[in-house]
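J.: I would like the atomic coordinates for the input below:
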Amino acid sequence: MAAMRDSSIDCQRRIPLLTAVNATSQVHLIVGSDPLAATRCTKSLDAGARPILICPSETKLPSTLAERVEAGRVQWIQREFQDIDLSTLGRDEVDYVVDAVFVTLDRTNPLSRHISNLCRRLRIPVNVADAPELCSFTLLSTYSDGPLHIGVTTSGKGGSLASRIRREIASFLPSGLGEAVGNLGILRKRIWEEDAIENEADKDHFEDDSDDSTAQKHTFNTLVICEYWPLRQLASVTLSDVEKMLAAYGADKCPVTSGKGAGQLSKKGKIILAGSGPGHPDLLTRATYHAIKSADLILSDKLVPAAVLDLIPRRTEVHIARKFPGNADKAQEELLVLASEGLSAGRTVLRLKQGDPYLYGRGAEEFSFFRRKGYEPIVLPGITSALSAPLFADIPATHRGVADQVLICTGTGRHGAAPSPPGYISTQTVVFLMALHRLQSLIESMTVHPVDDKGEPTIPRVLWPKDTPCAVVERASCADQRVIRSTLEHVCSAVQEEGSRPPGLLVVGKSCEVLHQTDQKWVVEDGFKALDGLNNDMNLDTITALGGIQDA
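T.: The predicted structure is shown next:
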């Protein structure tokens, strides 16, 4: 009985494999004649497939379906379904097996289960209305805008709810985004064409950067706008903008967004170094929020989340750091040049950094740079993920009788070198930032002594037990936050199997199991709900103080 319960739980935890299928010229069999059958035929036609309807001749078809049959767009076989239909009505290039089957009969109709069993035996994708257990696939509630398609599924638990969620998502998208996607697709294709003539030997010669970005080819650096510009700015990209970006790409320059031109102001410029916090916009300080709203020029780290960038007014010029493996120093230089030009023009420049400016954020280096230029920077703190990410993962950094100290380390030193990790202290919680892209070597250095040619330890320190609890916390406080709870023995396998979602950090120590204990090798937890409902409780004075009414 326990095994059956475990199996049921496992089934509930499984996630569907969401795909976008090219259905052009496929043959879709629709069994039924109700309005849902008409909808299925419409979906097939929209996807470029050829729908074949099977139902008795005396059936009265919905008017829209009848019109499509009369127009020859839908083939109607006027009889009951026959088993041989599955292997005789399809395309000749696939031996006449149909490509997909949609059953819209009542779920209690014995034919529904019969068709489902036949399709599964023949490995034909089948969808049975209102019967998830009989389906090998389900249809998503979709929103389409040109080449942009967004789908939502509730795994058959509530079609109306999926539609509502899809509408909610679509309502937040700026108009024109689909057209911009098409324009950016042109940009991508043109860059591909340019890169095709470059020396292929150069493609792998890049060092790791000091963040958790996955390696990407340097020639796609220009396309960083696709991931990090606010959506409303992306939606304004025109073909003319594409040509400008291509020109900037060819000249190895940073693409420029629209905004106030330099040199229009005579006042002395002002530079602000501000931390954007761990990710959620509600975790910004009020000072940083107002700086975002009032700056003339914003120079942002690449990993500042889109939800924070969305707060930037449309009029404000924005540049995103062009950081990719091997280009960190050059990207930093570009931002400093842009900041200097803005300050010389008398503009208010906001250097928006992830987390806190002074915690592995080059904040002090930038402070010194601008001071040498004759400007006294204003530095605004940010909530660091080193302390907030464990909190959002239900990990108390300190806990009576378990952990009485916290150590914050980097997993990446200067020029990509791996720093020496700390020795084991049983009452210490250690947070490693920027470590996930070299997690394997970090864990080995913590749990195994490095040795010289004679087999002698080169760095004497207390090794960490492999059963020490740890957790990987990724995209902390964002909607797609993920926590992987494991031990030092299994965490590398967990990240390798589950994949990586930068930015992320590693928390190590017994505090990781104070509120969550498991006997599994690892456990994965998705989503962030900690701040849900807080906005509804904010009074009018608070909203006014944050500028919500003025900016609405």
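J.: so Val483 makes contact with Phe528?
T.: No: between Val483 and Phe528 there is no contact, the gap being 9.5 Å when judged by Cβ atoms under 8 Å. The way it works is simple: take the backbone N, C-alpha and C, and place the C-beta from them, glycine included.
J.: which of those two has more neighbours?
T.: Neighbours per residue (other Cβ atoms under 10 Å) separate Val483 from Phe528, with Val483 holding more: 24 against 20.
J.: tell me the secondary structure at that one.
T.: Using DSSP: H, G, I helix; E, B strand; the rest coil, the structure places Val483 in strand.
J.: how far away is it from Gly527?
T.: 9 Å (Cβ to Cβ, to the nearest Å).
J.: same question for Val473.
T.: 13 Å.
J.: shared neighbours, these two?
T.: Gln481 (Cβ atoms under 8 Å, 6 or more residues apart in numbering).
J.: could you check which of the two has the larger neighbour count?
T.: Using other Cβ under 10 Å as the criterion, Val473 and Gly527 rank with Val473 on top: 27 against 11.
J.: list the beta-bridge partners for the more buried one.
T.: Beta bridges link Val473 to Val483, Leu505 when assigned by DSSP bridges.
J.: so it sits against Phe392, correct?
T.: Yes: Val473 is within contact range of Phe392, at 7.2 Å (criterion: Cβ under 8 Å).
J.: shared neighbours, the two?
T.: With Cβ under 8 Å, 6+ apart, Val473 and Phe392 have common neighbours Gln481.
J.: ok, Asp310 - contacts?
T.: 230-232, 281.
J.: buried among those residues? Make that a ChimeraX selection.
T.: Selecting only the buried entries of the contacts of Asp310 in ChimeraX, with 16 or more other Cβ atoms under 10 Å as the criterion:
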select :230,232,281
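J.: next helix or strand past the strand or helix carrying Arg120?
T.: For Arg120, the host element (DSSP states H and E) is helix 110-122. Using DSSP H and E, the next helix or strand after helix 110-122 towards the C-terminus is strand 126-128.
J.: give the buried residues for the helix or strand that that following strand is followed by.
T.: Later in the chain than strand 126-128, the nearest helix or strand by DSSP H and E is strand 141-145. For strand 141-145, the neighbour count (16+ other Cβ under 10 Å) marks 141-143, 145 as buried.
J.: dump stretch 316-330 to CSV, restricted to CA.
T.: Output of stretch 316-330 as CSV, limited to C-alpha atoms (Å, rounded to 0.1, in the frame of the first residue of the first chain):
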residue,chain,number,x,y,z
THR,A,316,15.6,56.8,-19.7
GLU,A,317,18.7,55.6,-21.7
VAL,A,318,19.7,52.1,-20.6
HIS,A,319,22.9,50.0,-21.3
ILE,A,320,23.3,46.4,-20.1
ALA,A,321,26.8,45.2,-19.3
ARG,A,322,28.0,43.0,-22.2
LYS,A,323,29.5,40.4,-20.0
PHE,A,324,30.2,36.9,-21.4
PRO,A,325,33.0,34.5,-20.8
GLY,A,326,36.3,36.2,-21.3
ASN,A,327,34.9,39.7,-21.7
ALA,A,328,34.3,40.8,-18.1
ASP,A,329,37.1,43.4,-18.0
LYS,A,330,36.3,44.8,-21.4
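J.: chain center to that stretch, what's the gap?
T.: Distance of stretch 316-330 from the chain centroid (Cα atoms, centre = their mean, to the nearest Å) equals 19 Å.
J.: quick one: mean pLDDT for it?
T.: In this model, stretch 316-330 carries a mean pLDDT of 80.
J.: just stretch 167-179 next, same as before
T.: Taken as a whole, stretch 167-179 has a mean pLDDT of 88.
J.: and that stretch, end to end?
T.: Start-to-end span of stretch 167-179 (Cα to Cα, to the nearest Å) is 19 Å.
J.: do I have it right that Ser420 meets Pro460?
T.: No: using Cβ under 8 Å, Ser420 makes no contact with Pro460, being 11.3 Å away.
J.: neighbour count winner among those two?
T.: Taking neighbours as other Cβ under 10 Å, Ser420 and Pro460 compare with Ser420 leading, 11 against 8.
J.: for the more buried one, helix, strand, or coil?
T.: What three-state DSSP gives for Ser420 is coil.
J.: next, count neighbours for the residue lying closest to it once chain neighbours are set aside.
T.: Distances taken as Cβ to Cβ, 6 or more residues apart in numbering place Ile459 nearest to Ser420, at 6.2 Å, with adjacent residues excluded. Ile459 has 11 neighbours, counted by other Cβ under 10 Å.
J.: wasn't Ile459 part of a helix?
T.: No: assessed by three-state DSSP, Ile459 does not belong to a helix; its assignment is coil.
J.: please name the residues that touch Gln141.
T.: That one is not Gln; residue 141 is Ser. Going by Cβ under 8 Å, 6+ apart, Ser141 touches 151-153, 159, 162-163, 165-166.
J.: out of those, which sit inside helices?
T.: 159, 162-163, 165-166 (DSSP state H).
J.: who wins for most neighbours among the residues you listed?
T.: Ala162 (21 neighbours).
J.: now the nearest residue to it once chain neighbours are set aside: how far from Ile395?
T.: By the measure of Cβ to Cβ, 6+ apart, the closest residue to Ala162 outside its immediate chain neighbours is Ser141, 4.1 Å from it. Separation of Ser141 from Ile395 (Cβ to Cβ): 36 Å.
J.: endpoints of stretch 18-36, how far apart?
T.: 22 Å.
J.: going forward, begin numbering at 24 instead of 1
T.: All set: I'll call the first residue 24, so the last point we hit is now stretch 41-59.
J.: list the buried residues for it?
T.: Under the neighbour-count criterion of 16+ other Cβ under 10 Å, stretch 41-59 has 46, 49-57, 59 buried.
J.: I'd like those laid out as CSV, including pLDDT and secondary structure.
T.: CSV is the format used below for these (pLDDT from 0 to 100; DSSP: H, G, I helix; E, B strand; the rest coil):
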residue, pLDDT, secondary structure
Ala46, 96, coil
Gln49, 97, coil
Val50, 98, strand
His51, 98, strand
Leu52, 98, strand
Ile53, 98, strand
Val54, 97, strand
Gly55, 95, coil
Ser56, 94, coil
Asp57, 94, coil
Leu59, 94, helix
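J.: against Ile38, how distant is the residue nearest to Ala185?
T.: 17 Å.
J.: please apply the same query to Ala94.
T.: 40 Å.
J.: tally up the residues packed near Pro197, please.
T.: Using other Cβ under 10 Å, Pro197 is surrounded by 13 other residues.
J.: list the contacts for it?
T.: So Pro197 contacts 254-255, 257-258 (Cβ under 8 Å, 6+ apart).
J.: can you rerun that using 7 Å?
T.: Counting by Cβ atoms under 7 Å, 6 or more residues apart in numbering, Pro197 touches 254-255, 258.
J.: mind checking which of those land in helices?
T.: Per DSSP H, the subset of the contacts of Pro197 in helices is 254-255.
J.: okay if I get the contacts of Pro197 as TSV plus pLDDT and distance to Val360?
T.: Listed next are those as TSV, based on pLDDT from 0 to 100; distance: Cβ to Cβ, whole Å:
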residue	pLDDT	distance to Val360
Leu254	78	27
Arg255	77	27
Ala258	81	28
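J.: just curious, which of the contacts of Pro197 is nearest to Lys544?
T.: Set against Lys544, the nearest of the contacts of Pro197 by Cβ to Cβ is Leu254 (38.2 Å).
J.: got the contact list for Asp168?
T.: Counting by Cβ under 7 Å, 6+ apart, Asp168 touches 200-201.
J.: could you check the pLDDT of it?
T.: 92.
J.: where's it relative to Val537, distance?
T.: 47 Å.
J.: try Val92
T.: Using Cβ to Cβ, Val92 is found at 65 Å from Val537.
J.: what does Glu389 give?
T.: For Glu389, the distance to Val537 (Cβ to Cβ) stands at 37 Å.
J.: surely Val341 is in a helix?
T.: No: using three-state DSSP, the assignment for Val341 is strand, not a helix.
J.: and it, how many neighbours?
T.: 23.
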